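S.K.: Give the three-dimensional model of this entry:
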Amino acid sequence: MLRRRTLLIGMFAFFLIGSMFPSWSILSLSSIPKVHAVSRSIKLTGASYTGWNGTNPGPTITVTKGDSVSMSLESGEGALHTFIVDVDKDGVIPNPTCSIDKCSAQFPPSTTYPFVVDFGPGTFTYYCSIHLTTMVGTFIVSDFGVSSSPSSLTIPQGSNANSTVSITSLNNYAGSVTLSATPPTSWPPPFFGVNPVPIASGMTSTSKLTIYVPPGTSPGPYSITVTASDSFISQSTNVAVNVPAPSFTVSASPATLTINSGSSGTSTITVAGSYGFSGTVSLSATVPYSRATAMLSSASVMLSATATSATSMLTVSSALGMFNVTVTATSGPTAPSTLVAVNGPDFSIKTSPSTVSLSQGSSAMLAITLSSVNGFSGSVALSASHSNGGPTVTVSPTSLQVSSSGSISATLTVTASSSGTYSTPISPGSYTITLNATMGSLSHTETIPLTVTSPSSGAGILTSPIFIGGIAAAIAVVAGIVYVLRRRPKTST
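M.R.: Sure thing, here's the model as predicted:
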């Protein structure tokens, strides 16, 4: 009798619990499986004191962006409930923004709420807006992202280049995506090394994209859109393609020549084509007037797809001084150039001291030294001038013969007073002396700062010619008076 009573009580309890939670099962108590871009029904039973499907938080729901979801919702204890997905993430609140959030009708006893997962990817919260603390759960929207590396390519006409397309799982997305690319009109379709591309949850998969630019394509920028899609999701990325114009460059080696007197120097001029350039390139060399003779072994070179570079030999002779030879390569409107620096026979100029300071009425002498550079020899003319109102400057001699292996000197004299018996000293101040040394087209200039000062004591005044002349005249007058007085006869009293 006791055993029968126990059995009846157990059966009654089982049916009672089953009537309260008709949707419970082992599967419903666990996380609801991810749905991948399909239509799928998900069943939830809510109770204010036990949460969703008997747990709080409720089971995690994982879907994919683009899925069509049908929620089968029941009240486990007969109380009023709602099902809300907090899309705008403004929190678990009693008055959700249903124009953005996903909001079901109120139930019990039950309701069906269909919606499309048009938001995400990301992690969101689902909840009951009536029982905010006891009926919450996690709603995950998975997706994938697509990118390209490099995202910019330079491809000459008739050539191809590669970019790697990467598809990355977001929020545990898993599936297979198909790649497509939209090239400019008249271009062949780009080729994908792997297509479709399988994507594992939390992983990144790649496919090599090969882009071919047909011959004759107009130079300029282009864009190719790469799209990765499954049944519901479509993501894209762009690959920028620059098609350069065929061109060429010109260079010199060596770029500097040091040429001694009576010698010559050579430099190899190289013309190199790029981006499929083909054609004849003319070469010319120019030098400053009368500084040298420059000749090219070939006045033009031919470039093609197979012969991408060619050379010509530049010879520079009869050089004089320092200057640049400009070599220009011309084909149609394109005319790049390169410079060859030449250090030819020359001379240097130096003054000692390099600055001058003297008192009013005095003078100073400076040494001018000319030295041969790179075997220079010749007659160099010297001249000097001063800034307005400055002192008198003279050079002696006015011409120097510079030998090929030495130096030679001249003298620069600076006088801080004008000439004449009653000369007037130059006013104190700062002046500039300009020294010029010239031979033919060669010319060097040296500037010398000059300072004229007032005499620091009376000695300066005593040395003035006017002052000295006045003293002498006064002494002579006094001496004459004394002499006359001594020669004057004495009168008797």
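
S.K.: can you give me the end-to-end distance of stretch 285-295?
M.R.: One end of stretch 285-295 to the other measures 7 Å (CA to CA, to the nearest Å).

S.K.: Which residues belonging to that stretch are considered buried?
M.R.: Ala285, Val287, Arg291, Ala292, Ala294 (16 or more other CB atoms under 10 Å). Heads up, the C-betas are built off the backbone N, CA and C, glycines and all.

S.K.: same check, this time on stretch 141-158
M.R.: Residues of stretch 141-158 classed as buried by neighbour count (16+ other CB under 10 Å): Val141, Ser142, Asp143, Phe144, Val146, Ser147, Ser148, Leu153, Ile155, Pro156, Gln157.

S.K.: Stretch 406-421 too?
M.R.: Buried residues in stretch 406-421, counted by 16+ other CB under 10 Å: Ile408, Ala410, Leu412, Val414, Thr415, Ala416, Ser417.

S.K.: Which ones among those map onto strands?
M.R.: Counted as lying in strands by DSSP state E, out of the buried residues of stretch 406-421, are Ile408, Ala410, Leu412, Val414, Thr415.

S.K.: what sits against the residue most central in space within the chain?
M.R.: The geometric centre of the chain, computed from its C-alpha atoms, lies nearest to Ser152 (CA atoms, centre = their mean), at 16.8 Å. Contact analysis of Ser152 by CB atoms under 8 Å, 6 or more residues apart in numbering lists Val239, Ala240, Val241, Asn242.

S.K.: Pipe the buried residues of stretch 141-158 into a markdown table and attach distance to Ala319, secondary structure and pLDDT per row.
M.R.: Shown next, in a markdown table, are the buried residues of stretch 141-158 (distance: CB to CB, whole Å; DSSP: H, G, I helix; E, B strand; the rest coil; pLDDT from 0 to 100):
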| residue | distance to Ala319 | secondary structure | pLDDT |
| --- | --- | --- | --- |
| Val141 | 78 | strand | 92 |
| Ser142 | 76 | strand | 92 |
| Asp143 | 72 | strand | 91 |
| Phe144 | 69 | strand | 93 |
| Val146 | 63 | strand | 96 |
| Ser147 | 58 | strand | 97 |
| Ser148 | 55 | strand | 97 |
| Leu153 | 47 | strand | 97 |
| Ile155 | 46 | coil | 96 |
| Pro156 | 41 | coil | 94 |
| Gln157 | 43 | coil | 92 |
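
S.K.: Nearest to Thr111, out of those: which one, please.
M.R.: Of all the buried residues of stretch 141-158, Val141 has the smallest distance to Thr111: 22.3 Å, by CB to CB.

S.K.: so Phe347 makes contact with Gly375?
M.R.: No. Judged on CB atoms under 8 Å, Phe347 makes no contact with Gly375 at a distance of 10.6 Å.

S.K.: Of those two, which one has the most company?
M.R.: Between Phe347 and Gly375, counting by other CB atoms under 10 Å, Phe347 is the more crowded of the two (22 against 16).

S.K.: Model confidence at the more buried one, what's the number?
M.R.: We have a pLDDT of 96 for Phe347.

S.K.: Tell me the bridge partners for it.
M.R.: Listed by DSSP bridges, the beta-bridge partners for Phe347 are Ser372.

S.K.: residues contacting it?
M.R.: Contacts for Phe347 (CB under 8 Å, 6+ apart) come out as Leu370, Ser371, Ser372, Val373, Phe376, Gly378, Val380, Val402, Ala437, Met439, Leu442, His444.

S.K.: As a markdown table, those with neighbour count and secondary structure would be great.
M.R.: Formatted as a markdown table, the contacts of Phe347 follow (neighbours: other CB atoms under 10 Å; DSSP: H, G, I helix; E, B strand; the rest coil):
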| residue | neighbour count | secondary structure |
| --- | --- | --- |
| Leu370 | 22 | strand |
| Ser371 | 17 | strand |
| Ser372 | 20 | strand |
| Val373 | 17 | strand |
| Phe376 | 24 | coil |
| Gly378 | 17 | strand |
| Val380 | 23 | strand |
| Val402 | 21 | strand |
| Ala437 | 22 | strand |
| Met439 | 21 | strand |
| Leu442 | 19 | strand |
| His444 | 16 | strand |
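
S.K.: Columns pLDDT and distance to Val342 on top of the residues you listed, output as JSON lines?
M.R.: Formatted as JSON lines, those follow (pLDDT from 0 to 100; distance: CB to CB, whole Å):
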{"residue": "Leu370", "pLDDT": "96", "distance to Val342": "21"}
{"residue": "Ser371", "pLDDT": "96", "distance to Val342": "19"}
{"residue": "Ser372", "pLDDT": "95", "distance to Val342": "17"}
{"residue": "Val373", "pLDDT": "95", "distance to Val342": "13"}
{"residue": "Phe376", "pLDDT": "95", "distance to Val342": "14"}
{"residue": "Gly378", "pLDDT": "94", "distance to Val342": "18"}
{"residue": "Val380", "pLDDT": "97", "distance to Val342": "20"}
{"residue": "Val402", "pLDDT": "96", "distance to Val342": "20"}
{"residue": "Ala437", "pLDDT": "97", "distance to Val342": "20"}
{"residue": "Met439", "pLDDT": "93", "distance to Val342": "17"}
{"residue": "Leu442", "pLDDT": "92", "distance to Val342": "13"}
{"residue": "His444", "pLDDT": "95", "distance to Val342": "17"}
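
S.K.: mind listing the strands for the stretch 1-150 of the chain?
M.R.: 32-35, 39-47, 51-52, 61-64, 68-75, 84-85, 102-103, 110-116, 122-127, 136-149 (DSSP state E, counting those that start in this stretch).

S.K.: can you put those strands in JSON lines and add distance to Thr164?
M.R.: Below are the strands of the stretch 1-150 of the chain laid out as JSON lines (distance: least, CB to CB, whole Å):
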{"stretch": "strand 32-35", "distance to Thr164": "28"}
{"stretch": "strand 39-47", "distance to Thr164": "34"}
{"stretch": "strand 51-52", "distance to Thr164": "43"}
{"stretch": "strand 61-64", "distance to Thr164": "25"}
{"stretch": "strand 68-75", "distance to Thr164": "33"}
{"stretch": "strand 84-85", "distance to Thr164": "36"}
{"stretch": "strand 102-103", "distance to Thr164": "37"}
{"stretch": "strand 110-116", "distance to Thr164": "33"}
{"stretch": "strand 122-127", "distance to Thr164": "26"}
{"stretch": "strand 136-149", "distance to Thr164": "5"}
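
S.K.: Which one of those lies nearest to Ala272?
M.R.: Taking CB to CB, strand 136-149 is the member of the strands of the stretch 1-150 of the chain nearest to Ala272, at 29.5 Å.
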